[in-house]
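Chemist: Take a look and give me a structure for this.
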Amino acid sequence: MKKNNSVFGFLNDKLHTPTWLFILLIIVFVFRIPSFFEPYSYGDEMIYLTLGHAIRQGIPLYSGVHDNKPPLLYIMAAIAGSLFWFKAILTLWMLVTIFIFWKLTEVLFPKNLRAQQFATIIFAILTTIPLLEGNIVNAELFMIGPTILGFFILLSRKLSSKSLFFAGTLFSVATLFKVPASFDIPAIVFFWLATNKLNAKNLKLTFKSTIILGLGFVTPILLTFIWYFLQDAFSQYLVAAFLQNVGYLSSWRPGDVQEPFLVRNLPLLIRVGVVVVGLLTLYKVRKQISPTFIIATVWLLLSLFAVTLSERPYPHYLIQSIPAVSILMGILFTHQNKEQVFTIIPLTLAIFVPYYFNFWRYPTLPYYVRFVRFVAGSLSRDEYINSYGSHVPTNYKIAEYLLSVTKKDEKIFVWGESSPIYALTRRLPPTKYVADYHIRDFSTPYETVTALSRKMPSFIVILPNAPIFPELETFLSRNYGLTETIDGATIWKLLGPKVRALIS
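Modeler: Numbering: from 1, shown residues only. So this is what the prediction gives:
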């Protein structure tokens, strides 16, 4: 037989990829093309790129530059180096993730091709379109890949020590993208308990398997602890990437801080209760439902709990629940038994959560229409950039000016929504904070001005509508001169030593 050397032939022969999946992956790639042309605008992406640039310059994470996630996302940004390549890496990552998810559906629906197709197509759509920020580089999109692969290994292979440990490291990798990924791990332990006979032998085996899985999970995280300890940044890493996230719990209810513990944490305790009741119910009816329904439902329960920890309404948080939702949708659309009805219960919960917590929604059709208009020439480049926010063109103008008057190693400081300008210019501030809200949350005006005094930035930018605090205003008047005004933003240049001496 003649060997097929085409890309399709490779995917079909080597990876056993069916034609429908190959077509789906092509469609996903096409629908991700508009993301390659997005301007530098989304705040989180800008922070990641700025920290990635700091890594490239040898500045240590957490002690030298700050954000509140584990390191893998920033390392990805450092590898990318630019927004285009960041989006390209994400696209490749998601194509592989969709493939792995399909392999998982083969395990969960071994004799039901339609269920495999429905679940995989739903998963591909919901992780791609802008509705849940599938077009944005975020930790959730990166972390679900290792999580899905971990479940695939645990559900498709004999539970050897090697496979258990490796699966644990995959869950750890997911957690090193974002901590809430760790909440998916108990799903497999519950699955073992629910699908095996309750006797001493099986309990002992489950306990042993859980220990090995846990060791695999803990090992990579411990290695990062050792690394940052050697970098003299352990405490900063522990606080920023792990402990600081505790403060995110119900952080959008700051008015409850003075309330008693039970009152303040009642919503969280109610959610814990929902999970516990759900798990107990699943365990009670375990003999009447399939293992696929059990793993999908418990996965959904735990992921929704993780999604709502902070009660923040960011759509990309919901991506963590999409694998479980997709599996349950596969059951709903293709099964013709009582489980088809049962899926309505967890899927109703999956719909209720974003509605109750008022999760934001991003329009999908206008996103693609705008890109088509841009490609067709009916929307100019300036109009296209402006469509992402009136502040975006201003950021580009400021960045263009700063690039023309600074060298690569010079420091700048931006007060306001600062991260896009740091990302565009690839210039870093003299402080460890690259976002204005980090300065407001973790620093004081005095500490900020003190840090600026130690490493005087060449330029300071005050963005429009950014309320300047008195200490910074005094610091500017004594050490800087107004050199440029762009769309209401003022750009201040460091004065020479002699000039500063005359006015001090």
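
Chemist: Let me see the ranges of the helices in the stretch 51-200 of the chain.
Modeler: Counting by DSSP state H, counting those that start in this stretch, the stretch 51-200 of the chain has helices at residues 72-80, 83-108, 113-126, 139-156, 161-175, 186-195, 200-230.

Chemist: how about a markdown table for the ones you listed, with mean neighbour count added?
Modeler: The way it works is simple: take the backbone N, C-alpha and C, and place the C-beta from them, glycine included. Shown next, in a markdown table, are those (neighbours: other C-beta atoms under 10 Å):
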| stretch | mean neighbour count |
| --- | --- |
| helix 72-80 | 20 |
| helix 83-108 | 19 |
| helix 113-126 | 21 |
| helix 139-156 | 23 |
| helix 161-175 | 22 |
| helix 186-195 | 19 |
| helix 200-230 | 15 |
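
Chemist: what's the closest of those to residue 394?
Modeler: helix 83-108 (17.6 Å; C-beta to C-beta).

Chemist: Which parts of the stretch 301-450 of the chain are strands?
Modeler: Using DSSP state E, counting those that start in this stretch, the strands of the stretch 301-450 of the chain run over residues 412-415.

Chemist: show me where pLDDT drops low in it?
Modeler: Of all residues in the stretch 301-450 of the chain, none has pLDDT under 70.

Chemist: Could you give the number of residues near residue 467?
Modeler: Using other C-beta atoms under 10 Å, residue 467 has 7 other residues around it.

Chemist: Make sure it is indeed in a strand.
Modeler: No: according to DSSP: H, G, I helix; E, B strand; the rest coil, the state of residue 467 is coil, so it is not within a strand.

Chemist: phi, psi of it?
Modeler: phi -70, psi 120 (degrees, to the nearest 10).

Chemist: next one: residue 17
Modeler: Dihedral pair for residue 17: phi -90, psi 120, per degrees, to the nearest 10.

Chemist: again with residue 486
Modeler: The phi/psi pair for residue 486 (degrees, to the nearest 10) reads phi -130, psi 110.

Chemist: Run a quick neighbour tally on the closest residue in space to it that isn't next to it in sequence.
Modeler: Of all residues not flanking residue 486 in the chain, residue 397 sits nearest, at 5.0 Å (C-beta to C-beta, 6 or more residues apart in numbering). For residue 397, the count of nearby residues is 14 (other C-beta under 10 Å).

Chemist: tell me the domain boundaries of the chain?
Modeler: Domain assignment for the chain, taken from automatic domain parsing, gives 7-37+68-356, 390-503.

Chemist: avg pLDDT for stretch 165-181?
Modeler: Regarding stretch 165-181, the rounded mean pLDDT is 97.

Chemist: for the nearest residue to residue 21 once chain neighbours are set aside, what are its contacts?
Modeler: The shortest distance from residue 21 to any non-neighbouring residue, by C-beta to C-beta, 6+ apart, is to residue 102 (5.7 Å). Residues near residue 102 by C-beta atoms under 8 Å, 6 or more residues apart in numbering: 21, 116, 120.

Chemist: how about a cut-off of 10 Å?
Modeler: If a contact means C-beta atoms under 10 Å, 6 or more residues apart in numbering, then residue 102 has 17-18, 20-21, 24-25, 116-117, 119-121, 123-124, 148, 152 as its contacts.

Chemist: quick one: it and residue 16, what's the gap?
Modeler: 10 Å (C-beta to C-beta, to the nearest Å).

Chemist: repeat for residue 157
Modeler: In this view, residue 157 and residue 16 are 17 Å apart by C-beta to C-beta.

Chemist: Who has more neighbours out of these two?
Modeler: Taking other C-beta under 10 Å, residue 157 and residue 16 do not tie; residue 157 has more neighbours (14 against 10).

Chemist: Identify the residue spatially nearest to the more buried one, adjacent ones excluded.
Modeler: That would be residue 163: by C-beta to C-beta, 6+ apart, it lies 5.0 Å from residue 157.

Chemist: Now do the contacts for the residue most central in space within the chain.
Modeler: With distances taken as C-alpha atoms, centre = their mean, residue 139 lies nearest the centre of the chain, 1.9 Å away. Residues in contact with residue 139, defined by C-beta under 10 Å, 6+ apart, are 44, 48, 69-70, 72-73, 76, 174, 176-181, 316-317, 319-320.

Chemist: Next: residue 426.
Modeler: 49-50, 52-54, 56-57, 81-82, 399, 403, 408.

Chemist: for it, phi and psi?
Modeler: Torsion angles, degrees, to the nearest 10, at residue 426: phi 60, psi 40.

Chemist: returning to what we had before: can I get the buried part of the contacts of residue 426 as one PyMOL selection?
Modeler: Selection command for PyMOL covering only the buried members of the contacts of residue 426, criterion 16 or more other C-beta atoms under 10 Å:
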select buried, resi 49+50+52+53+54+399
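
Chemist: Closest one of the contacts of residue 426 to residue 134?
Modeler: Here the nearest of these to residue 134, counting by C-beta to C-beta, is residue 49; it sits at 18.8 Å.

Chemist: In this structure the closest one contacts residue 80, no?
Modeler: Yes: between residue 49 and residue 80 there is a contact under C-beta atoms under 10 Å: 7.5 Å.

Chemist: Now do the shared contacts for the two.
Modeler: Shared contacts of residue 49 and residue 80, defined by C-beta under 10 Å, 6+ apart, are found at 86, 137.
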